[in-house]
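Q: next come a sequence and a model predicted from it.
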Amino acid sequence: MDPNEAARTLERELERGRELIAAAGTLEALDGAKIALLGRKAPIPAVQSSIGSLPGDARRELGRRTNVAFAELRSALEARRAELEEGAEDELLRADAVDVTLPGRRPRPGSLHPLTLVQERMVEIFTRMGYRVAEGPEIEDEWHNFEALNIPPDHPARTMKDSLYVDVPGLLLRTETSAVQIRTMESQDPPVYVVVPGRVYRREAVDATHLSVFHQLECLAVDEGLSLADLKGTLEAFAHEMFGPQIQARITPDYFPFVEPGAQMAVSCFICNGVGCRVCGNGWLEQGGAGMVHPTVLENCGYDAERYTGFAFGLGIERVAMVRYGVNDMRLLVEGDVRFLEQFEGVA
Ligand code: FA5
């Protein structure tokens with residue numbers, strides 16, 4: 001290459017280099033500029049490789065100028081790199097900045113589940129009447145769940161079609177809280193006044209009024225001189241406390257092996273007021289089973305059935321919740337949809 005031509009190339013490249021480097025706004029752009037200026041195909045390295053063919057003085061002079069050009073571009077690249085790196089770090093810090101003076105975001109508190117609200121209210125009503133709360137296991141044996149309750153071996157509830165058995169012979173998931181009647185009477189002498197809230201399990205087809213895992217509240221009273229009038233009065237007092245005076249309660253005959261006479265307790269429908277509609281059918285919503293404790297059951301627990309009488313009932317807590325809150329499908333209570341549950345915030 002002609003030495004003059006080579007010197008002009010160096011000047012031009014220095015000029016171009018200063019502009020490219022100043023214009024590089026990112027580290028990637030700066031890498032691009034470096035390749036364009038100092039890469040294998042760039043003009044300055046081409047000048048450098050032509051130096052060897054020049055005569056003495058011209059070679060020295062062009063060699064010196066090339067070195068100066070290289071040194072200037074390298075240090076300009078270096079300086080710009082340092083600037084960009086610092087800028088990138090500042091940018092990162094800015095993006096990550098936390099304004100500690102802003103008010104915090106308070107986590108939204110949850111609220112009690114409607115079934116919990118109802119269960120607590122039921123327990124409160126009965127404890128105010130003088131009952132105490134008793135508990136029993138959810139995995140129960142056949143004696144407490146069936147035999148002691150006078151439920152004969154051929155009763156359909158005892159088959160696997162209706163009940164959920166566990167892998168240990170003789171044990172099952174309790175089908176009703178009535179099992180705790182037996183446990184209570186086995187563990188204490190009369191008089192007995194207990195309520196038992198708890199979870200029960202049945203092999204059921206789930207629909208708007210049936211679940212296979214649901215809750216009951218059992219009530220058991222055993223004392224001298226208790227009659228059907230005490231049972232009816234207690235159920236009525238409960239219904240009015242729970243649902244308000246506009247709701248009517250009734251008991252009608254029903255059969256359960258562990259009571260005699262047996263009854264069913266229902267309240268007037270909250271939608272149609274006892275007239276009959278799509279939700280209730282005949283104007284009444286079944287809440288639970290009830291009756292006078294069968295003498296055989298008292299004797300199974302070592303009580304003197306000549307001296308003591310008792311009444312018992314078992315209310316479905318989901319059914320009570322449906323009437324109290326006007327819920328027409330029981331599945332809503334267990335699906336866990338926050339939009340449904342939010343409505344119970346602040347509700348008693
Ligand atoms: C019983 O469970 C008896 N132990 C009740 C009883 C206690 C009778 C003491 C006499 C003396 P029953 O199977 O009818 O009875 O259930 C009682 C209540 O539980 C029903 O009225 C209903 O409110 C509720 N219930 C029953 N099955 C379901 C279900 N699959 N899903 C939700 N609630 C149910």
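A: Perfect, thanks for sending it.
Q: can you tell me what sits against the helix or strand hosting residue 29?
A: Following DSSP states H and E, the helix or strand that holds residue 29 is helix 27-38. Contact with helix 27-38 is made by 13, 16-17, 20-21, 23-24, 42, 44-45, 70, 73-74, 77, 80-81, 84-85, 88, as judged by CB atoms under 8 Å, 6 or more residues apart in numbering. C-beta coordinates here come from the backbone N, C-alpha and C atoms, glycine included.
Q: what do you get for stretch 272-286?
A: Contacts to stretch 272-286, defined as CB under 8 Å, 6+ apart, come from residues 246, 248, 250, 264-271, 316, 319, 322-323, 328.
Q: and stretch 53-73, by the same measure?
A: The contact list for stretch 53-73, computed with CB under 8 Å, 6+ apart, reads 3, 6-7, 10, 13-14, 17, 21, 37-38, 44, 47-48, 51-52.
Q: for the stretch 201-348 of the chain, list the residues in contact with the ligand, please.
A: By the rule CB under 6 Å from any ligand atom, the part of the stretch 201-348 of the chain lying against the ligand is 202, 204, 210-211, 214, 216, 256, 259, 286-291, 312-314, 316, 318-319.
Q: mind doing that once more with 8 Å?
A: By CB under 8 Å from any ligand atom, the residues of the stretch 201-348 of the chain that approach the ligand are 202, 204, 206, 209-212, 214-216, 218-220, 254, 256, 258-259, 262-265, 286-291, 293, 312-320, 330.
Q: in ChimeraX, select just the buried ones from those residues.
A: Selection of buried members from these for ChimeraX, criterion 16 or more other CB atoms under 10 Å:
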select :202,209,211,214,215,216,218,219,220,254,256,258,259,262,263,264,265,286,287,288,289,290,291,293,312,313,314,315,316,317,318,319,320,330
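Q: sort out for me which of the residues of the stretch 201-348 of the chain next to the ligand are in strands.
A: 214-216, 218-220, 254, 259, 262-265, 286-291, 293, 312-316 (DSSP state E).
Q: can you pull out the strands in the stretch 101-250 of the chain?
A: Remark: strands assigned in the stretch 101-250 of the chain by DSSP state E, counting those that start in this stretch are 132-133, 139-141, 171-173, 192-201, 213-223, 249-254.
Q: how about low-confidence regions in the stretch 201-348 of the chain?
A: Within the stretch 201-348 of the chain, no stretch has pLDDT under 70.
Q: just the closest residue of it to the ligand, please.
A: Of all residues in the stretch 201-348 of the chain, residue 316 sits closest to the ligand, at 2.2 Å by CB to the nearest ligand atom.
Q: state the distance from that residue to residue 96.
A: Distance of residue 316 to residue 96, computed by CB to CB, to the nearest Å: 55 Å.
Q: relative to helix 27-38, how tilted is the strand or helix carrying residue 44?
A: Assigned by DSSP H and E, residue 44 belongs to helix 43-50. With axes from the mean of the first three to the mean of the last three CA atoms, to 10 degrees applied, the angle from helix 43-50 to helix 27-38 works out at 30 degrees.
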